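> Fold the following.
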Amino acid sequence: AGGAGMEGSECLQLLLRRCREAKDCAYCPYSRFPVGAALLTAGGEIFSGCNVENACYSLGMCAERAAIQKAISEGHTRFRAMAIASDMSDFITPCGACRQVMREFGTDWDVYLTKPDGTYIVKTLRELLPLSFGPEDLQK
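Have a look, this model is predicted:
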């Protein structure tokens with residue numbers, strides 16, 4: 001289920017801090033657009049990720065997918081929230097590919113879209129990817 005009620009808590013502050021810290025690890029020599037993400041599992045663990053570019057551009061990895069893959073590789077498949085950070089002056093949002101990968105693991109978890117000044121807005125994955133296609137659709 002979503003991370004409702006997480007706002008203002010120590011857990012949320014940690015999630016927001018971890019996404020900013022992950023951004024500082026980004027490898028982005030081509031775009032110079034660092035992004036960090038922090039993913040909160042249903043069990044309360046946080047996995048962070050950053051974007052990793054490649055000279056063969058299509059082989060790059062977004063921060064959101066990096067965090068998800070780290071969590072999956074450690075046995076976690078249920079998520080409560082993700083926070084995303086960049087240096088943009090506006091709120092950072094996940095790309096379409098990341099939204100679809102996130103959608104694989106449900107629609108009602110929270111996504112904290114941040115600005116460098118620390119402000120954020122919260123959207124559910126359902127809001128970011130309406131009328132989505134997911135695993136349950138393969139059962140129809």
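
> Surely G118 touches Q13?
No - G118 is beyond contact range of Q13, at 10.0 Å (criterion: Cβ atoms under 8 Å). Where C-beta positions appear, they are placed from N, C-alpha and C, glycine not excepted.

> From I72, how far out is C28?
As judged by Cβ to Cβ, to the nearest Å, C28 and I72 stand 23 Å apart.

> the strands in this protein, which residues?
35-41, 46-50, 79-86, 110-114, 120-124 (DSSP state E).

> export these to a markdown table and tack on distance to Y57 and mean pLDDT?
Conversion of the strands of the chain to a markdown table gives the following (distance: least, Cβ to Cβ, whole Å; pLDDT from 0 to 100):
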| stretch | distance to Y57 | mean pLDDT |
| --- | --- | --- |
| strand 35-41 | 15 | 98 |
| strand 46-50 | 17 | 98 |
| strand 79-86 | 18 | 98 |
| strand 110-114 | 25 | 98 |
| strand 120-124 | 28 | 97 |
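
> and the closest residue in space to E74 that isn't next to it in sequence, what are its bridge partners?
Nearest non-adjacent residue to E74, counting by Cβ to Cβ, 6 or more residues apart in numbering: F47, 7.1 Å away. When assigned by DSSP bridges, F47 has beta-bridge partners L39.

> try V122
Y112.

> so it sits right up against T114, yeah?
No - the pair V122 / T114 is not scored as a contact, 10.2 Å apart, by Cβ under 8 Å.

> More neighbours: which of these two?
T114 (21 against 17; other Cβ atoms under 10 Å).

> Please name the residues that touch Y27.
50-53 (Cβ atoms under 8 Å, 6 or more residues apart in numbering).

> would you list the residues you listed in a markdown table and tack on neighbour count?
As requested, these are exported to a markdown table (neighbours: other Cβ atoms under 10 Å):
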| residue | neighbour count |
| --- | --- |
| C50 | 23 |
| N51 | 24 |
| V52 | 16 |
| E53 | 18 |
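
> in the residues you listed, which two residues are the furthest apart from each other?
C50 and E53 (10.2 Å; Cβ to Cβ).

> No further questions, thank you.
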